[in-house]
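> Predicted model follows, preceded by the sequence.
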Amino acid sequence: MTKPQDLADQLSDVAGAAFAALGVDAAAGAMRRSDRPDLADFQCNGAMAAAKKLGKNPREIATAIVDALKASPLVTASEVAGPGFINVRLTPAALAARAEQIASDPRSGARIVETPRRVVIDFGGWNVAKEMHIGHLRSTVIGDSLQRLFRFMGDAVTSDVHLGDWGLQMGQLINEVKLEQPGLPYFDASFTGPYPEQSPVSMDDLGRLYPQASAKSKSDEARRDEDRKATQELQSGRPGYRALWQHFCNVTRVGLERECISLGVRFDLWKGESDAEPFVPALVEDLKARSIAELDAGAWIIRVARETDKKEMPPIILVNRDGAIGYHGSDLGTIVDRKQGIDPQLTLYVVDQRQALHFEQVFRASDRAGLMPESALEHLGFGTVNGPDGKPYKTRDGGTLKLQAFIAQADEVATARMKEAELGADVSAAEQADIAHKVAVAAIKFSDLSNVRTTNYIFDLDRFISFEGRTGPYLLYAAVRIKSLARRAEAEGVKPGPIMTELDAERALVLALDAFNDALRGAYDKRMPHILCDHAYTLAQAFSAFYAAAPILVETNAEKKASRFSLAMATLKQLELALGLIGIDTPERM
RNA sequence: GAUCCCGUAGCUCAACUGGAUAGAGCACCCGCCUUCUAAGCGGGUGGUUGCAGGUUCAAGUCCUGCCGGGAUCGCCA
């Protein structure tokens, strides 16, 4: 990390040096925002642990640290509290200086990583022939937030949607189309082409055929064998199947791209499992030659169990007994592809938590095979989206809620809310629709991302698209009020000036702004977007309180007016930055 | 059966990896628009953190055992 430092880091340096002087690791000096704003701005709890190590009285040690802190020009008051808490209150000058720094910094006080890495983020992972539904929201929204965050922190990110386009479901689908339209040339092995350019199936057809085929394959052993065979033939290049499969992919992609535009999500690569296919044969041969892959019950497997394992660790199936490549094999092939192309130092897989075992297996196999070390591969699991019964969300009629319908519904509610509030009456219909959509997307993304990534959550439609309280629209509202303020200020010729922190609300706002860097670091290190959501909300809240308590344009004192205006503008910049990292776009008015 | 995750206010969720008086939002009650957008602000009610032990200056957080819910456990992805 490089300069400038946030207030906690500046204080930590002072306290850390004092601890070091006592022969304790400087890490003991870590300062953080106080839990007790009534007592302090920042606190340090290191004295207690240090006292234990040194066998000394914690209050005695804390007193020594306090003396050092008091000598700092940043500190106006510092004292020992309770068993050895160190409390610090900052000088107005220190707060003002930090506020100025944030106000003038395009990154709003956020630092950047020292050594950028090449990072691949694999998310989305939608399946061909399946329309996006509510269950696909998390990977998309979390992955997108992470790619924005990692880029902002300075890493070289490549995002890849990694479509599910290569497994058994493709064979199932081919056979299902064959049942319905047996006369198509795709099924005629003697047909020499060319195949029709027009797809024989629409997305609606696929949406109908897919569950149908899947159900048959599940219940009917003979049909399943047929599906396996078709899958194997597709994978080994049967022209008719390839041509038909290409139609499935194309038809699906049109719909997926539409959702991406609607959600404001972008991928660098639209690769799929099938793109790993060219890398697999050589990989398999190599692994066989090195005896890493072994033949077992007709399948080529890689054993990944370790003696230290507490749980059962099944081997991965590199090539199944039909000669087809499953998702184990294609995931390894994908690693080879990325290694040869991008050569990432870190790969993040944003995939359902239920696939944790799968990724552990693949990562171990990759490590054993010398493709990429386990340490460079990370599965970022997320919880499932459940209904009120605690089971994966279903609509009242038992079906899945399509993402497109869900977004449309959110748009409608947002539009209705705008009318109700009589806002935006003076803008064009097109702008109104644009605002409503931004509000809807903000509501959806914030609802999802503010949950801890790893836990399941209960999906409540009304709560998801509610616009009051701790919601995406609340954040937009705060930003929009500042934008409105900026327009008026412009018209009145108000200019920003030196920042002062007189009122409690002003102090609180500066402290909130200062916390951005720490929130970013937390969200980045832990790959947890909810920490960013939390920060954005806290900031918006601090601003709303400030906005109510501190008049700006009507303030008669010119210095106060200029200071508050500066604070407002600094807040807007940081709020928009933070929202941008969550994937939320701010309208000009609402 | 084995392994892992979860259990916090009526509801939905936080809690900076062991710190002070466990915080938000919704719902409910009381105030605030002749000052910059009331999708807002201020205040209030609401907790034995599933249960029982243990570790220590300090436990929602760590260890053990229960209870309840969920997920996963070789040729589907």
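Perfect, thanks for sending it.
> burial of A:Ala491, as a residue count?
9 (other CB atoms under 10 Å). Yep, even glycine has a C-beta here, placed from its N, CA and C like the rest.
> Model confidence for it, exactly?
What the model reports for A:Ala491 is a pLDDT of 94.
> how far is the strand or helix carrying it from where the chain is centred?
Using DSSP states H and E, A:Ala491 sits in helix A:472-492. Here helix A:472-492 is found 27 Å from its chain centre; the criterion is CA atoms, centre = their mean, to the nearest Å.
> In the helix or strand that comes right after that helix, which residues are buried?
Sequence-wise, the next helix or strand downstream of helix A:472-492 (DSSP H and E) is helix A:504-514. By neighbour count on 16 or more other CB atoms under 10 Å, the buried set for helix A:504-514 is A:Ala505, A:Glu506, A:Arg507, A:Ala508, A:Leu509, A:Val510, A:Leu511, A:Ala512, A:Leu513, A:Asp514.
> Then stretch A:288-307?
Buried, per 16+ other CB under 10 Å, within stretch A:288-307: A:Ala293, A:Ala299, A:Trp300, A:Ile301, A:Ile302, A:Arg303, A:Val304.
> would TSV of those residues with pLDDT, secondary structure and distance to A:Asp534 be doable?
TSV is the format used below for the buried residues of stretch A:288-307 (pLDDT from 0 to 100; DSSP: H, G, I helix; E, B strand; the rest coil; distance: CB to CB, whole Å):
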residue	pLDDT	secondary structure	distance to A:Asp534
A:Ala293	96	strand	46
A:Ala299	94	strand	47
A:Trp300	95	strand	47
A:Ile301	96	strand	44
A:Ile302	96	strand	41
A:Arg303	96	coil	43
A:Val304	95	coil	37
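> What is the neighbour count of A:Ala421?
Neighbours of A:Ala421 (other CB under 10 Å): 11.
> go on, A:Thr455?
By other CB under 10 Å, neighbour count at A:Thr455 equals 11.
> repeat for A:Glu420
A:Glu420: 8 neighbours (other CB under 10 Å).
> of the buried residues of stretch A:288-307, closest to A:Met170?
A:Ala299 (19.4 Å; CB to CB).
> shaky segments in chain A?
A:1-3, A:423-425 (pLDDT under 70).
> For it, list the residue farthest from the centre, please.
Ranked by distance from the centre of chain A (CA atoms, centre = their mean), the top residue is A:Ser190, with 48.7 Å.
> Doesn't that residue lie inside a strand?
No: using DSSP: H, G, I helix; E, B strand; the rest coil, the assignment for A:Ser190 is coil, not a strand.
> Which member of the buried residues of helix A:504-514 is positioned nearest RNA strand B?
A:Ala505 (7.9 Å; CB to the nearest atom of the strand).
> ok, that closest one touching A:Ser544?
No: applying CB atoms under 8 Å as the test, A:Ala505 and A:Ser544 come out as separate, 9.5 Å apart.
> Count residues in the vicinity of the residue in the stretch 451-590 of chain A that RNA strand B sits nearest to, would you?
Residue of the stretch 451-590 of chain A nearest RNA strand B, by CB to the nearest atom of the strand: A:Gly469 (2.0 Å). Using other CB under 10 Å, A:Gly469 has 9 neighbouring residues.
> got the contact list for it?
Contact partners of A:Gly469, counting by CB atoms under 8 Å, 6 or more residues apart in numbering, are absent.
> Domain boundaries for chain A, per the record?
A:7-90, A:168-380, A:403-582 (automatic domain parsing).
> Now the residue nearest the centre of chain A: phi and psi?
Centroid check for chain A by CA atoms, centre = their mean gives A:Ile142 as the closest residue, at 2.7 Å. Dihedral pair for A:Ile142: phi -70, psi -50, per degrees, to the nearest 10.
> Now for it: which residues touch it?
Contacts of A:Ile142 by CB under 8 Å, 6+ apart are A:Phe123, A:Val350, A:Leu380, A:Phe382, A:Asp448, A:Leu449, A:Arg453, A:Pro529.
> run the last query once more with 7 Å
For A:Ile142, the contacting residues are A:Val350, A:Phe382, A:Leu449, A:Arg453, A:Pro529, by CB atoms under 7 Å, 6 or more residues apart in numbering.
> Then A:Glu294?
Contacts of A:Glu294 by CB under 7 Å, 6+ apart are A:Ile301.
> Just list whatever residues bridge to it.
A:Ile301 (DSSP bridges).
> quick one: it and A:Lys70, what's the gap?
Using CB to CB, to the nearest Å, we find A:Glu294 at a distance of 68 Å from A:Lys70.
> swap in A:Ile458?
Taken as CB to CB, the span from A:Ile458 to A:Lys70 is 50 Å.
> what does A:Ala478 give?
A:Ala478 is 37 Å from A:Lys70, by CB to CB.
> same deal with A:Ala50?
Here A:Ala50 is placed at a distance of 19 Å from A:Lys70 (CB to CB).
> in the stretch 1-150 of chain A, which spans are strands?
Ranges of strands in the stretch 1-150 of chain A, per DSSP state E, counting those that start in this stretch, are A:31-33, A:42-44, A:75-81, A:85-90, A:118-122.
> Save those strands as a markdown table, and put in distance to RNA strand B and mean neighbour count too.
Putting the strands of the stretch 1-150 of chain A into a markdown table (distance: least, CB to the nearest atom of the strand, whole Å; neighbours: other CB atoms under 10 Å) gives the following:
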| stretch | distance to RNA strand B | mean neighbour count |
| --- | --- | --- |
| strand A:31-33 | 4 | 18 |
| strand A:42-44 | 3 | 25 |
| strand A:75-81 | 4 | 18 |
| strand A:85-90 | 4 | 24 |
| strand A:118-122 | 12 | 24 |
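> Looking at the ones you listed, spot the one closest to A:Lys419.
strand A:118-122 (39.1 Å).
> what's the spacing between that closest one and its chain's center?
That offset, for strand A:118-122, works out to 13 Å (CA atoms, centre = their mean).
> Then stretch A:507-516?
For stretch A:507-516, the distance to the chain centre is 24 Å (CA atoms, centre = their mean).
> That stretch and RNA strand B in contact?
No: counting by CB under 7 Å from any atom of the strand, RNA strand B has no neighbours in stretch A:507-516; the shortest distance is 8.5 Å.
> Contacts only, for A:Pro388.
A:Ile458.
> Surely it is in a strand?
No: assigned with three-state DSSP, A:Pro388 falls outside any strand and is coil.
> how about the strands in the stretch 401-550 of chain A?
A:457-458.
> The stretch 301-450 of chain A: helices as residue ranges?
A:327-341, A:356-369, A:403-420, A:429-449 (DSSP state H, counting those that start in this stretch).
> now do the stretch 101-250 of chain A
Going by DSSP H, counting those that start in this stretch, the stretch 101-250 of chain A shows helices at A:137-152, A:168-180, A:203-219, A:221-235, A:239-263.
> Among the buried residues of stretch A:288-307, which ones lie close to RNA strand B?
A:Ala299, A:Ile301.
> Just the closest of the buried residues of stretch A:288-307 to A:Met31, please.
A:Val304 (43.6 Å).
> Just list the residues touching that closest one, thanks.
Neighbours of A:Val304 in contact, by CB under 7 Å, 6+ apart: A:Met313, A:Pro315, A:Ile316, A:Gln361, A:Arg364, A:Ala365, A:Arg368.
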